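J.: next comes the sequence, and after it the predicted model I'd like to discuss.
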Amino acid sequence: MKILNGLYKAWVWLCFVMFFFILFPFFVLFVQRESWKPAGHFLNKIWAYAVFGFCFLPTRVEYRFKPRKNTTYIYCANHTSYLDIPSLCYALSGYNVFIGKASLAKVPLFGYMFRNLYIAVDRSSPRSKQQSIIRAMEEIDKGRGLIIFPEGTIPKENHPNMIPFKDGAFRIAIEKKVPIVPVTILDNWKILPDDGKFLPKRQPMRMVIHEPIETHEYTLEQTGVLKQKTFDVIYQELKKHYPERVI
């Protein structure tokens, strides 16, 4: 069994890297023009489907609402694993722009793709945070959705418990009057734990796409209320599936 587990882990990383290398020349092409970037994002969806399929990772995504045409959403998900980005590419349709930490933009090859398709933010820099908010609002003006991990990082312990959310996603949603869609990622912390070992385990990737929270009646002074409401939706779903772990 140990040998089989070792072979499976090696196969997962081979697929992960191999498919990205195959697609990378097309990433380079599609980031050259703004109008081509949706095609670049679609490549990430292909990459995600290939990895989940060839690695025999079952996927179970529950959609509790049907996105309206010509409506922009801000998807806010809990963050427990480096697998979260491919999972969201897999589950969400359209060109949704990720906002992620600046370290992702420094990863060889992957970083080139990320910083040219998405928004990388250095949370230790007030200037970088402000620029990321401006860019995010510009993306919304172009009709693109956003995908944000409002915790700002992967919590270091007690998975799948969350840490407090930051304000950015909710201030943007209120200013632009864009619905917030909470997303609960249930099991990625078990499939690919953020423990420094990067050893994947085979089990279903489960996710819940919740009903949107409309923001038209919120003011900036109510940012904390909207933030807490989103947190509670995700928290209650985690609590339902992991009553012994979520506190």
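T.: Perfect, thanks for sending it.
J.: what's the burial count for residue 16?
T.: Residues near residue 16, counting by other C-beta atoms under 10 Å, number 20. (Each C-beta comes from the backbone N, C-alpha and C, glycine too.)
J.: distance between the lengthiest helix in the chain and the chain's centre?
T.: Longest helix of the chain, by residue count under DSSP state H: helix 2-30. Put simply, helix 2-30 sits 19 Å off its chain's centre (C-alpha atoms, centre = their mean, to the nearest Å).
J.: now the helix or strand following it: average pLDDT?
T.: Sequence order places helix 37-54 as the next helix or strand after helix 2-30, per DSSP states H and E. Helix 37-54 comes out with an average pLDDT of 95.
J.: and helix 37-54 with helix 2-30, angle?
T.: For helix 37-54 against helix 2-30, the angle by axes from the mean of the first three to the mean of the last three C-alpha atoms, to 10 degrees is 170 degrees.
J.: who are the packing partners of helix 37-54?
T.: In terms of contacts (3 or more C-beta pairs under 8 Å, 6 or more residues apart in numbering; DSSP states H and E), helix 37-54 is packed against helix 2-30, helix 84-91, helix 110-117.
J.: ok so, going back, how about the longest helix of the chain: buried residues?
T.: Residues 9, 12, 15-16, 19-20, 23-24, 27, 30 are the ones in helix 2-30 that count as buried (16 or more other C-beta atoms under 10 Å).
J.: residues making contact with the strand or helix carrying residue 239?
T.: Using DSSP H and E, residue 239 falls within helix 223-241. For helix 223-241, the external contacting residues (C-beta atoms under 8 Å, 6 or more residues apart in numbering) are 76-78, 150, 160-162, 164-165, 167, 170-171, 173-174, 180, 182-184, 186, 206, 208, 210, 213, 215, 218, 246.
J.: what are the buried residues along stretch 168-181?
T.: Buried residues in stretch 168-181, defined by neighbour count with 16+ other C-beta under 10 Å: 168-175, 178-181.
J.: let's have those residues in a markdown table, adding distance to residue 230 and pLDDT.
T.: Below are the buried residues of stretch 168-181 laid out as a markdown table (distance: C-beta to C-beta, whole Å; pLDDT from 0 to 100):
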| residue | distance to residue 230 | pLDDT |
| --- | --- | --- |
| 168 | 12 | 93 |
| 169 | 8 | 96 |
| 170 | 7 | 97 |
| 171 | 13 | 96 |
| 172 | 13 | 97 |
| 173 | 9 | 97 |
| 174 | 12 | 98 |
| 175 | 16 | 96 |
| 178 | 13 | 97 |
| 179 | 11 | 97 |
| 180 | 6 | 98 |
| 181 | 9 | 98 |
